[in-house]
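Participant: Below are the sequence and a predicted model for it; my questions follow.
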Amino acid sequence: MKSLLITLFLVTAGMQSFTHAQVRPASRNETVNDGRNPIDFLFPDLQADLAKLQTKEIKSQPDKAIISTPIENRLFTNYKAPVVHNNSNARLLKTSATPSPMASDLSATDAANKLKAAKAAQTVKPIVIPNQGSEVNSAPVKKKS
């Protein structure tokens, strides 16, 4: 019974929308038939509003003194142009007449001998053990009894 009621409801609802779709109101197309522009029909005060805006608009000419100044001076306060340095003052890289050999060019024995010579040339500083003032040569102080 429920399925029959639902079916009848859907059929009548479909038929109702179909019948209403067939009827077109005459006012929908009357602006086109009259020869008027739909924009004029929807917005009757549009032309008057545009005329008001154009009369309010003031077209002022920009000041020639401001335009002639550089952009940097207009954008930044206290702008100073960058200083160009002379390249003759730049430090030149020195190339030695006899370049030293690269570490990868040395053989393993030559590199080992060079390391031994460098270690022998280093001076070894004696290790100083800190004390607390009453200790002499890191020996504990005997208590007086």
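Facilitator: Cool, got the structure.
Participant: Residue 40: which element?
Facilitator: Using DSSP states H and E, residue 40 sits within helix 38-42.
Participant: Restrict that helix to CA atoms and write it as PDB.
Facilitator: What follows is helix 38-42, C-alpha atoms only, in PDB (Å, rounded to 0.1, in the frame of the first residue of the first chain):
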ATOM      1  CA  PRO A  38      17.000  44.600 -20.400                       C
ATOM      2  CA  ILE A  39      19.700  46.500 -18.500                       C
ATOM      3  CA  ASP A  40      17.600  49.600 -18.700                       C
ATOM      4  CA  PHE A  41      14.600  47.700 -17.500                       C
ATOM      5  CA  LEU A  42      16.500  46.100 -14.600                       C
END
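Participant: Can I get the helix or strand just after that helix in PDB, CA atoms only?
Facilitator: Later in the chain than helix 38-42, the nearest helix or strand by DSSP H and E is helix 46-56. Listed next in PDB are the C-alpha coordinates belonging to helix 46-56 (Å, rounded to 0.1, in the frame of the first residue of the first chain):
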ATOM      1  CA  LEU A  46      22.000  53.400 -14.200                       C
ATOM      2  CA  GLN A  47      22.600  56.100 -16.800                       C
ATOM      3  CA  ALA A  48      21.900  58.900 -14.300                       C
ATOM      4  CA  ASP A  49      24.300  57.300 -11.700                       C
ATOM      5  CA  LEU A  50      27.000  57.000 -14.400                       C
ATOM      6  CA  ALA A  51      26.600  60.700 -15.300                       C
ATOM      7  CA  LYS A  52      26.900  61.700 -11.600                       C
ATOM      8  CA  LEU A  53      30.100  59.700 -11.300                       C
ATOM      9  CA  GLN A  54      31.600  61.300 -14.400                       C
ATOM     10  CA  THR A  55      30.800  64.800 -13.200                       C
ATOM     11  CA  LYS A  56      32.300  64.100  -9.700                       C
END
